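Q: model this:
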Amino acid sequence: MDKVFSNPDVYCVRVPFVNLGSGESNCYIVRDGGDCLVVDPGAANEVGMRRVRNALFELGVPLGECKVFLTHTHFDHAESTRVLFPEGTCVYVSEVGFEERSPIRAEAARELFVRRMLKMGATLADAEEYSRNDYEPTFLPAGAFDYRFVREGDEVHVGRFAFDVVEVPGHTLDLVCLVGRDGAPSFTGDEVIFGTTPSVDAPFDGEDALALYMEGLGLSGDGSQRLALWRSDGKRVFGASGMQSERFGEKRFFGSGGRQLHVPRGARVQESDELQLGRVDARVQMADGAVGAGVHEHDDYRPHGDDGEWLQHVHWTLPGHGEGFGGQTLRSRAADIVSRKLRHCDRMVATARECPGIGGEELARRSLTQKDEAAWRAAPSISRYYSMLEAFVGVRYLENQGKLRREEVDGTWRFYAC
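A: Residues are numbered from 1 along each chain as shown. This next block holds a predicted model:
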């Protein structure tokens, strides 16, 4: 355990995990007065859980007196929650993450991922292996904890210190950051890290996750002007561009600035609301034909843009992996990550232009790894999985940008540059 910040006191526990290789994620223990918040307790392995228990014991904090905050529900951040902490523990988590990490949902997501990989040209054996790499074992049992579902604009308090919740879907749909006020540190999970480029998930409901990720950093890369739907009394409801998803009796839009719009199903957005929808096009078309949640194309759209504004308020960030760094470094690294992802997208378009009708697996191999067929087959399956995931997510983004199109031939997708 290392003390990594003072005022409030923050301690870091390195929790080991095994995925692409062996690594460690950061579990943070935040203390002020009698309050204690554990941010991302980590993977459920004996070594890591013993480290967390020992750290809390050394600090004189009983497990039952902790609150838990999950930046997202990937196993290397959240899996040990259900094992370490007693029933009734206060757990702050995105409602999206809670719903995603159920056995039924996980199995449906696994089957969908297999189908997607088959469409990308993988063999059945490879598609099933990729789905095992994609599978997340974090389950949060209903009723076991005092769940506090957090959204954009919520506050979490630890003693005298307040932290703002910011929704930044992309790496996962449920990723939420804690942005510290008054010089307190921010906890940003895997949104921006060093040593590797964060992966971007392939959401179950078809959202353009790469666009969401980049927009959450204020770096969409497409030069388009964001749009906002202005209403009469100035009340603000944060919304987003991208595909819609129905969960928990609500309709949600993900995107612009990483924010979500929460509207009860069937409700019309009132004249008192402002709705950020990004570019208003078929990507936000609902199944019933309405654009948005009762918002129509004739409504009054005006330019607006504050994507990534939260980054400007970060004084010091404590990431999910690696060492902490300052706000300027955070913003610079965010730009580097987006630049890298856009270069990958450019290579995919160039490859599709050189090889019209190329399959998805070959597109991933040629544009993202530059390996020949033999080297690709010899690579570990989890390495190939990450390339296939990045290609799948990149294809969706490029299609929405009008730079790539696909045709289905004999059950697999063929890609063409536009």
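
Q: name the nearest residue to Ile382, sequence neighbours excluded.
A: Asn133 (4.8 Å; Cβ to Cβ, 6 or more residues apart in numbering). In short, each C-beta sits where N, CA and C put it, glycine included.

Q: just checking, the one you found is part of a helix?
A: Yes: counting by DSSP: H, G, I helix; E, B strand; the rest coil, Asn133 is located in a helix.

Q: OK, contacts around it?
A: The neighbourhood of Asn133, defined by Cβ atoms under 8 Å, 6 or more residues apart in numbering, consists of 381-382, 385-386.

Q: from those residues, list the buried ones, please.
A: With burial judged by 16 or more other Cβ atoms under 10 Å, the buried subset of those is 385-386.

Q: quick check: of the contacts of Asn133, which lies closest to Val409?
A: Nearest to Val409 among the contacts of Asn133 is Tyr385, at 23.8 Å by Cβ to Cβ.

Q: how about the strand or helix carrying the closest one: buried residues?
A: Tyr385 is part of helix 381-400 when elements are defined by DSSP states H and E. Judged by neighbour count (16+ other Cβ under 10 Å), helix 381-400 contains these buried residues: 384-400.

Q: can you classify Cys12 by secondary structure?
A: Here Cys12 is strand, with the state taken from three-state DSSP.

Q: I'd guessed it sits against Asn26; true?
A: Yes: if you go by Cβ atoms under 8 Å, Cys12 and Asn26 touch, sitting 5.3 Å apart.

Q: give me the more crowded residue out of these two.
A: Remark: of Cys12 and Asn26, Asn26 carries more neighbours, 25 against 20, as counted by other Cβ atoms under 10 Å.

Q: in its sheet, what does the helix or strand harbouring that one sit against?
A: Using DSSP H and E, Asn26 sits within strand 22-32. According to DSSP bridges, strand 22-32 has the following sheet partners: strand 9-18 (antiparallel), strand 35-39 (antiparallel).

Q: in the first one, what counts as buried?
A: Using 16+ other Cβ under 10 Å as the test for burial, strand 9-18 gives 9-17.

Q: do stretch 318-326 as well
A: Neighbour counts over stretch 318-326 (16+ other Cβ under 10 Å) mark 318-321, 324-325 as buried.

Q: what's the answer for stretch 328-344, then?
A: 330-331, 333-334, 337-338, 341-342, 344.

Q: wait, isn't Glu99 in contact with Ala108?
A: No: using Cβ under 8 Å, Glu99 makes no contact with Ala108, being 11.7 Å away.

Q: the two: which has the busier surroundings?
A: Taking other Cβ under 10 Å, Glu99 and Ala108 do not tie; Glu99 has more neighbours (15 against 12).

Q: now do the end-to-end distance for stretch 155-167.
A: Terminal residues of stretch 155-167 lie 12 Å apart, using Cα to Cα, to the nearest Å.

Q: which residues touch the residue nearest to Gly357 when sequence neighbours are not counted?
A: Setting aside the residues directly before and after it, Gly357 is nearest to Arg414 in space (Cβ to Cβ, 6+ apart), at 4.4 Å. Taking Cβ under 8 Å, 6+ apart, we find Arg414 in contact with 357-359, 406-408.

Q: at which residues are the helices of this protein located?
A: In the chain, the segments counted as helices under DSSP state H are 46-59, 75-78, 81-84, 95-100, 103-119, 124-134, 209-216, 327-354, 360-364, 373-378, 381-400.

Q: any idea which of these gets closest to Ala142?
A: Closest to Ala142 of the helices of the chain, according to Cβ to Cβ: helix 95-100, at 8.4 Å.

Q: so for the closest one, mean pLDDT?
A: Per-residue pLDDT values over helix 95-100 give a mean of 80.

Q: chain center to that helix, what's the gap?
A: Relative to its chain's centre, helix 95-100 lies at 12 Å (Cα atoms, centre = their mean, to the nearest Å).

Q: and it, what does it pack against?
A: Helix 95-100 is packed against helix 103-119, strand 146-149, strand 244-247, with contacts defined by 3 or more Cβ pairs under 8 Å, 6 or more residues apart in numbering; DSSP states H and E.

Q: what's in contact with that helix?
A: The contact list for helix 95-100 (Cβ under 8 Å, 6+ apart) reads 70, 72-73, 78, 105-106, 109, 140, 147, 149, 151, 169, 172-174, 204, 247-248, 252, 260.

Q: list the buried residues in that helix.
A: Buried, per 16+ other Cβ under 10 Å, within helix 95-100: 95-98, 100.

Q: closest to Gly121 among those residues?
A: Nearest to Gly121 among the buried residues of helix 95-100, counting by Cβ to Cβ, is Glu100 at 26.7 Å.

Q: and that closest one, how far from His72?
A: 10 Å (Cβ to Cβ, to the nearest Å).
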